[in-house]
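In: got a predicted model here, sequence first, then my questions.
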Amino acid sequence: MKILDSWIRDMPQQFQGKQNIEVLFRAFARQLEEVNTVLAEINDNTDIETASGVNLDHVGDIACLSRKDALEILRKKHNTEISDDLYRSVLRYKVLKNTSECTYEDIMQSIRLLWDTDKIRYYEDPARPATIMILFPMTDIDEPDWTVGRVLAIKPAGVAMIY
């Protein structure tokens, strides 16, 4: 037990090796280890990266984003099931949106999270000063264009943005 070992190491020299004190330490350490195990489980079940099912829905309650609301952000039909991984991505986006300072990095991260693409490019056009230009990868004519009809919810402050 880690806790017991650290307590015995921290105990003053005059009390080390005393059977009665070590028995008390052992009893308290065992109970504290159980509490730490339960807390680790709670952290694991409520972490946005590891939660699943109902526990992920509870994380969504904290972020004020239900699965139904996530479907609206993704522009999907309301009767569609949303997987935990997709819901987790939208939750990360929502957390970023709520805590964003609207920097270039925040905007790029939100696009990566929401549209699941790393192939976006930033460039500047001298003909359009104070404008952020975001270029998405080309899509095949048979594939749906995932930029159509979406509004970027994280907008830069003080400059325009075209994507």
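Out: All right, it came through fine.
In: separation between Gly17 and Trp7?
Out: Look at Gly17 and Trp7: by Cβ to Cβ, to the nearest Å, they are 14 Å apart. To be clear about C-beta, it is placed using only N, CA and C from the backbone, and glycine gets the same treatment.
In: which one's more surrounded, those two?
Out: Trp7 (18 against 10; other Cβ atoms under 10 Å).
In: helix or strand: which one has that one?
Out: helix 2-10 (DSSP states H and E).
In: and that helix, what other elements does it pack with?
Out: helix 19-46 (3 or more Cβ pairs under 8 Å, 6 or more residues apart in numbering; DSSP states H and E).
In: buried set for the helix it packs on?
Out: Using 16 or more other Cβ atoms under 10 Å as the test for burial, helix 19-46 gives Glu22, Phe25, Ala29, Asn45.
In: for stretch 64-82, same thing?
Out: Leu65, Arg67, Ala70, Leu71, Ile73, Leu74, Ile82.
In: and the helices in the protein?
Out: 2-10, 19-46, 54-62, 67-74, 84-99, 104-115 (DSSP state H).
In: now render the ones you listed as CSV, adding distance to Tyr122 and mean pLDDT.
Out: Listed next are those as CSV, based on distance: least, Cβ to Cβ, whole Å; pLDDT from 0 to 100:
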stretch, distance to Tyr122, mean pLDDT
helix 2-10, 47, 86
helix 19-46, 35, 91
helix 54-62, 30, 91
helix 67-74, 23, 84
helix 84-99, 17, 84
helix 104-115, 7, 73
